[in-house]
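Undergrad: what follows is a protein structure lacking sequence information:
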Ligand code: 5GP
Ligand code: ZN
């Protein structure tokens, strides 16, 4: 029991640490500026600081989720919502002729910010397979 409590405390502390330190949580709380293209109560979309295409937007749930590997049942509505926002933004930002959404998961896939985000890339022809 003691051991279990200890583990819970460690996990909770780690979560609190994540929320305080996380770059995208800070953007969601408006502590760091971003070029926001869409916002509602649960989802935020902003332009990537180092765009890889004429349109390069990141769509995030405002609530901290570290990565695709951490998703639980609880997250399915918000991730559906993230996907719908990406689909609408593709139309509104004029790339509906062809675009790509990408979620990098884990460091081997190039995930560098551990707050889940969907890249929306468009406005140029996109090679396949990605590197
Ligand atoms: P990842 O590599 O984790 O899939 O994607 C992280 C993305 O976040 C990268 O494309 C990177 O350019 C972007 N990024 C990193 N720091 C910032 C920032 O402070 N502001 C914005 N708008 N984008 C950022
Ligand atoms: Zn976060």
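TA: Thanks, I have the structure now. Since this is a predicted model, take the numbers as computed values, not measurements. Ligands and ions are numbered 1, 2, ... in the order given.
Undergrad: which strand runs longest in this structure?
TA: Secondary structure assigned by DSSP state E gives strand 55-61 as the longest strand of the chain.
Undergrad: who touches that one?
TA: By Cβ atoms under 8 Å, 6 or more residues apart in numbering, the surrounding residues in contact with strand 55-61 are 24, 27-28, 37-38, 42-48, 75, 78-79, 81-82, 85-86, 89-90, 93-95, 99, 115-123. The C-beta positions use only the backbone N, C-alpha and C, and glycine is treated the same way.
Undergrad: which SSE is immediately downstream of that strand?
TA: Past strand 55-61, further along toward the C-terminus, the next helix or strand under DSSP states H and E is helix 76-92.
Undergrad: direction included, what does the longest strand of the chain pair against?
TA: The sheet places strand 55-61 alongside strand 43-47 (antiparallel), strand 118-122 (antiparallel), with pairing taken from DSSP bridges.
Undergrad: can I get the ones you listed in a markdown table with distance to ligand 1?
TA: Shown next, in a markdown table, are those (distance: least, Cβ to the nearest ligand atom, whole Å):
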| stretch | distance to ligand 1 |
| --- | --- |
| strand 43-47 | 5 |
| strand 118-122 | 6 |
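Undergrad: ok, then the element right after the helix-or-strand element of the chain with minimal mean pLDDT?
TA: The helix or strand of the chain with the poorest confidence is helix 2-21; it has a mean of 55 (mean pLDDT, DSSP states H and E). Heading C-terminal from helix 2-21, the first helix or strand you meet, by DSSP H and E, is helix 23-28.
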